[in-house]
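In: Structure, please.
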Amino acid sequence: LGAVDDLIAALERAEADLGVATSVVTVTDPAGAAAAIRRLAQAGHDIVAVTWDAVDMALASVAADFPDLRFIGIAGGPITPALPNVATVSFDAHGGCHLAGILAANATYTRQLGVVGGVAGPRPHADANAFRAAALTVDETIVVTAAFAGTTGDRLVGRTVATDLVLSLIHISEPPRP
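Out: Sure, this is the predicted structure:
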């Protein structure tokens, strides 16, 4: 949750240092995103910002109903068709994932690597694929397994998925028993 934690901390600093009123709503299921965005829009906020590419369609549908309100989509895709009241900001995380794949490939003894993501989708899969592709440039026998927690808001679920992945990789890399 690093980037989301950083965003919330920045909002708290804006409140403290600039007197800006903020509201933070956590939605862990894309099905509830439109309702949450609509509630924020109806609450009289000047700007509604959302993060998470899984809510792009919800953002577009709500923003179309509130043409005088400004919306920001952070780390999502572009809104198509473009809406004049929506700005989108995305980041190229694939470069970092590529570098992480090279580093992990050079550090592994078992040639088994795992990648844990939040909610499966095009961008998280692209990140995992960038990691995998980079690892394979170091050693084409490396096996990279990706697992997704299905949420970005529940650390316990993420930890469980990561632990299960590590245990499965340990099992894969064990030599056969006589």
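In: Run through who's touching the longest helix along the chain.
Out: The residue-count maximum for a helix in the chain (DSSP state H) belongs to helix 155-173. Applying C-beta atoms under 8 Å, 6 or more residues apart in numbering, the contact partners of helix 155-173 are 1, 110-114, 116, 118, 143, 145, 147-151. Quick note: C-beta positions are derived from backbone N, CA and C, even for glycine.
In: mind running it again at 10 Å?
Out: Contacts to helix 155-173, defined as C-beta atoms under 10 Å, 6 or more residues apart in numbering, come from residues 1, 28, 108-118, 143-152, 154.
In: Pass me the low-pLDDT residue ranges in the chain, would you?
Out: 1-3, 53-54, 171-178 (pLDDT under 70).
In: Can you list the residue ranges for helices in it?
Out: Counting by DSSP H, the chain has helices at residues 2-18, 33-42, 56-65, 94-107, 122-138, 155-173.
In: out of those, nearest to Gly76?
Out: Nearest to Gly76 among the helices of the chain is helix 56-65; the distance by C-beta to C-beta comes to 4.6 Å.
In: Next, the buried residues of the closest one.
Out: Within helix 56-65, the residues that count as buried by 16 or more other C-beta atoms under 10 Å are 56, 58-60, 62-63.
In: which among those residues gets closest to Arg39?
Out: Ranked by distance to Arg39 (C-beta to C-beta), those are led by Val62 at 9.6 Å.
In: how many neighbours does Met170 have?
Out: Wrong residue type there; residue 170 is Ile, not Met. The burial count assigned to Ile170 is 11, neighbours taken as other C-beta atoms under 10 Å.
In: cool, and Ala10?
Out: 11.
In: for Ala34, same thing?
Out: Ala34, neighbours per other C-beta under 10 Å, totals 17.
In: picking up where we left off before, looking at the contacts of helix 155-173, which are in strands?
Out: 112-117, 143-148 (DSSP state E).
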